[in-house]
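1. got a predicted structure here, sequence first:
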Protein chains: 2
Amino acid sequence: MSRGPVRRPTQADIARLAGVSQATVSLVLNERDSDVRISPTTRERVLAAMREWGYVANASARSLAGGQNKIIGVHTFEPVFPTTSVDFYFPFLLGMEQAAAELGYDLLLFTSAGGERQVFRDGSTRLSLADGALLLGRDPNVEEIERLRDTGFPFVYVGHREVSGAPVSYVAADYAGATQQLTERLFELGHRRVAYARIGDGDAQPSRDREKGFRRAMPAGEARRLTGPVWTLESPDDVAGLLAEIRHGGITAVVAEQVLLAEELLACAQRDGMSVPGDLSVVVLGDSTGARRTDTPWTGLAVPREEMGRQATHLLVRLLETPEPDARRENVECPLMPGTTVAPPRREQ
Amino acid sequence: MSRGPVRRPTQADIARLAGVSQATVSLVLNERDSDVRISPTTRERVLAAMREWGYVANASARSLAGGQNKIIGVHTFEPVFPTTSVDFYFPFLLGMEQAAAELGYDLLLFTSAGGERQVFRDGSTRLSLADGALLLGRDPNVEEIERLRDTGFPFVYVGHREVSGAPVSYVAADYAGATQQLTERLFELGHRRVAYARIGDGDAQPSRDREKGFRRAMPAGEARRLTGPVWTLESPDDVAGLLAEIRHGGITAVVAEQVLLAEELLACAQRDGMSVPGDLSVVVLGDSTGARRTDTPWTGLAVPREEMGRQATHLLVRLLETPEPDARRENVECPLMPGTTVAPPRREQ
DNA sequence: TCCAGAGGCTAATAGGTATTAGCATTTCTG
DNA sequence: CAGAAATGCTAATACCTATTAGCCTCTGGA
């Protein structure tokens, strides 16, 4: 029988109904242990009226007036759509969902920025409907992040972000640590010459972190360059050349940044009659989201996306409830996958 | 250097700067072709001031003044968590996300209802933070749906829902139609005795719809009962007995409600030396979300979850923008999966 | 009897925007 | 040149909540 949008009851309506003032309704609603006291009788009358009329605070008014909404915004810099992104995106969301539920917050997914997924649009942002925000994306617009930081709006980036000017809060996977451990394990097994390889430029933060971990695992001294070369390929087509270099250089183990690279390497190696891990150990630093063509159980790391989502949410809520002037950074350990693509090097014949 | 949140410039600030009134700033900002005109000179002055000071409209104030929030609420009656639900839940969400993005709405995920996932809590609901809501869940609380309907709050259920009293709007998969087509196809292939089987009680709406489709495909007349028996098993353990009945009754094709049932049936049949589809054709009415143990390409239907999410979102937005007194119901066709588990019956020897 | 103090509540205001009635000025029309 | 119409803008108000200063009443003590 509902004809047209029914106007939602406001605090003023409830106040009229309960025979009190709007201010009293607000005070009851927010249960502040402020200096203002409300008698239990009145409180109960107000609560009853709220229940009866299904009163719900207006989020916009509330946030305009400076109150909390118990809403966490989630902004992704890429559309979730192209289905390839789904595997990347959803585990984070899952973790956020779980943490938000525990903490009593709802999640506001910003989808409406249009194709470009900007935080600011026509100079305005809907983000501020939420109490704070989680930002997410492999290829964020750095200027927008800086601009948002400068507004003082609380947010946490999911993933390692360094921007110019003041730092921002983030929760990142500890790629460096995991890579270091994996690489050290190769040396422990007896490998002496270990290479690092990636496809694409190594400019992205996760890429830099991984390389840093690799370098940290290198033995000290001047042998370092010889011991652990880093190759950056432009495309998967270059893998054949990489393999030639590997054989030439007496390299017995490769740390591959991406699954795609590792798979290509495996294919080339097998074509050359080499076995993995018999002739060549391979460690992979990416996880298997996206297209993977083989079921090879790679030795490497897993990206703890769910845990990152959870932890970012917890961090944000901490920041919301007790604001801090400085940015906070947290690392989440990457679980190591044992896999079957690493073995001791073949003994010199 | 940002010490504390810098106050963002408001329209009043811009107005002062450009030597106009706040109203003018608002008018310039919104470029309404209203009856109010602004001279190009003034417009330019205002725009310049906005640019210079990095003016950003306050979303809360804007929606407070405007009424609509451009937010669609999403309520799930089960937690997304137990990871088994993820496959069920996310495709819907994906469709909603896409549609919401197209339509310029954001998605508010209600997670905070605590363990019980109730719409109403203490008699009030956070749902109305949003302009309207999408409800979702295999096992919803029917009373809550009725109550929500009676508040006049606009919502669309994703899935077929019938509740007592007035009807509610929903977008459902056309299980009945797809089941009917699949069953008719069996008869066309020459099967004469076709059974329907399920595990668990058939009380849920999707179950009833499927059975209805099955019955519709039956040839008319009194032969109907004999032609198409319906079995309801209590547990997978009963499948062996079911198979015995099938062989006894000369049944050559089975319409199985769940993948689990079909897989069990296949296992039993093979144990008995029967082949599928040689000796027994099997159609499956569930899709493969959740644990499936074999890779059998079942002949059956797919649940168009993404499309349902998309369509529900579109329907809701239509309802929001031009309110209608009556509930709307829409069906989404289930794609049919050809699969390899259906064949003509073996010729009588 | 007067005063102090506490208890219980309200009036008033801020917060930033959108909208509309209406005012002042200029230009057009006959 | 008077009156009408168009132009360009502003003042005022509504939207709904949170917060604070302050008012009124009642109790207990001196």
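-> Received the coordinates, thanks.

2. relative to the whole chain's centre, how far out is stretch A:23-37?
-> In this view, stretch A:23-37 has its centroid 38 Å away from the chain centroid, taken as C-alpha atoms, centre = their mean, to the nearest Å.

3. so which bits of it are buried?
-> A:Thr24, A:Val25, A:Ser26, A:Leu27, A:Val28, A:Leu29 (16 or more other C-beta atoms under 10 Å in any protein chain shown). For every residue, glycine as well, the C-beta is placed using N, CA and C.

4. got those residues as TSV, with distance to chain B columns?
-> Formatted as TSV, the buried residues of stretch A:23-37 follow (distance: C-beta to the nearest C-beta, whole Å):
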residue	distance to chain B
A:Thr24	17
A:Val25	13
A:Ser26	15
A:Leu27	17
A:Val28	12
A:Leu29	10
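
5. return only those of these found close to DNA strand D.
-> A:Ser26, A:Leu27, A:Leu29 (C-beta under 7 Å from any atom of the strand).

6. among the residues you listed, which ones are in helices?
-> Assignment to helices by DSSP state H places the following of these there: A:Ser26, A:Leu27, A:Leu29.

7. could you single out the nearest of these to DNA strand C?
-> A:Leu27 (6.1 Å; C-beta to the nearest atom of the strand).

8. and that closest one, how far from A:Asp13?
-> To A:Asp13, A:Leu27 is 16 Å away according to C-beta to C-beta, to the nearest Å.

9. what strand or helix carries A:Leu260?
-> Assigned by DSSP states H and E, A:Leu260 falls within helix A:259-271.

10. same question for A:Pro167.
-> With DSSP H and E as the test, A:Pro167 turns up in no helix or strand.

11. that one - nearest residue in space that isn't next to it in sequence?
-> Residue nearest to A:Pro167 in three dimensions, not counting chain neighbours: A:Ala327, with 4.3 Å by C-beta to C-beta, 6 or more residues apart in numbering or on different chains.

12. for that neighbour, report the pLDDT, please.
-> Looking at A:Ala327, its pLDDT stands at 90.

13. name the helices or strands packed onto the helix holding A:Leu260?
-> strand A:194-199, helix A:239-248, strand A:253-256, strand A:281-284 (3 or more C-beta pairs under 8 Å, 6 or more residues apart in numbering or on different chains; DSSP states H and E).

14. near chain B, which residues of the stretch 201-349 of chain A?
-> A:Pro325 (C-beta under 8 Å from any C-beta of the partner chain).

15. what about the helices in the stretch 201-349 of chain A?
-> Along the stretch 201-349 of chain A, the segments classed as helices by DSSP state H, counting those that start in this stretch run A:205-217, A:224-227, A:239-248, A:259-271, A:305-321.

16. rank those by pLDDT, which is bottom?
-> Going by mean pLDDT, the lowest-scoring of the helices of the stretch 201-349 of chain A is helix A:224-227, which has a mean of 68.

17. the helix or strand hosting A:Gln181 vs helix A:205-217, what angle?
-> Here A:Gln181, judged by DSSP H and E, is contained in helix A:175-188. Here helix A:175-188 runs at an angle of 40 degrees relative to helix A:205-217 (axes from the mean of the first three to the mean of the last three C-alpha atoms, to 10 degrees).

18. what does helix A:175-188 contact?
-> Residues from elsewhere that reach helix A:175-188 (C-beta atoms under 8 Å, 6 or more residues apart in numbering or on different chains): A:160, A:194, A:206, A:209-214, A:216-219, A:228, A:253, A:255, A:281, A:283, A:285, A:299-301, A:331, A:333-334, A:336, A:342.

19. list the buried residues for stretch A:175-195?
-> A:175-187, A:191, A:193-195.

20. any weak-confidence spans in the stretch 1-150 of chain A?
-> A:1-6, A:33-34, A:80-85, A:112-125 (pLDDT under 70).

21. who does the closest residue to A:Arg329 other than its chain neighbours form a beta bridge with?
-> Excluding the flanking residues, the one nearest A:Arg329 by C-beta to C-beta, 6+ apart is A:Tyr170, at 5.6 Å. For A:Tyr170, the beta-bridge partners are A:Tyr157, A:Arg329 (DSSP bridges).

22. got a list of what the closest residue in space to A:Val28 that isn't next to it in sequence touches?
-> In this structure, A:Val28 finds its nearest non-sequential neighbour in A:Val46, 4.4 Å apart by C-beta to C-beta, 6+ apart. With contact set as C-beta under 8 Å, 6+ apart, A:Val46 has these partners: A:Ile14, A:Ala15, A:Ala18, A:Val20, A:Thr24, A:Val25, A:Val28, A:Ile38.

23. gap between the third one and DNA strand D?
-> Distance of A:Ala18 to DNA strand D, given as C-beta to the nearest atom of the strand, to the nearest Å: 13 Å.

24. is any residue of the one helix or strand A:Ala49 maps to near DNA strand D?
-> In the assignment (DSSP H and E), A:Ala49 maps to helix A:40-53. No: interface with DNA strand D: helix A:40-53 contributes nothing (C-beta under 7 Å from any atom of the strand), its closest point being 10.0 Å away.
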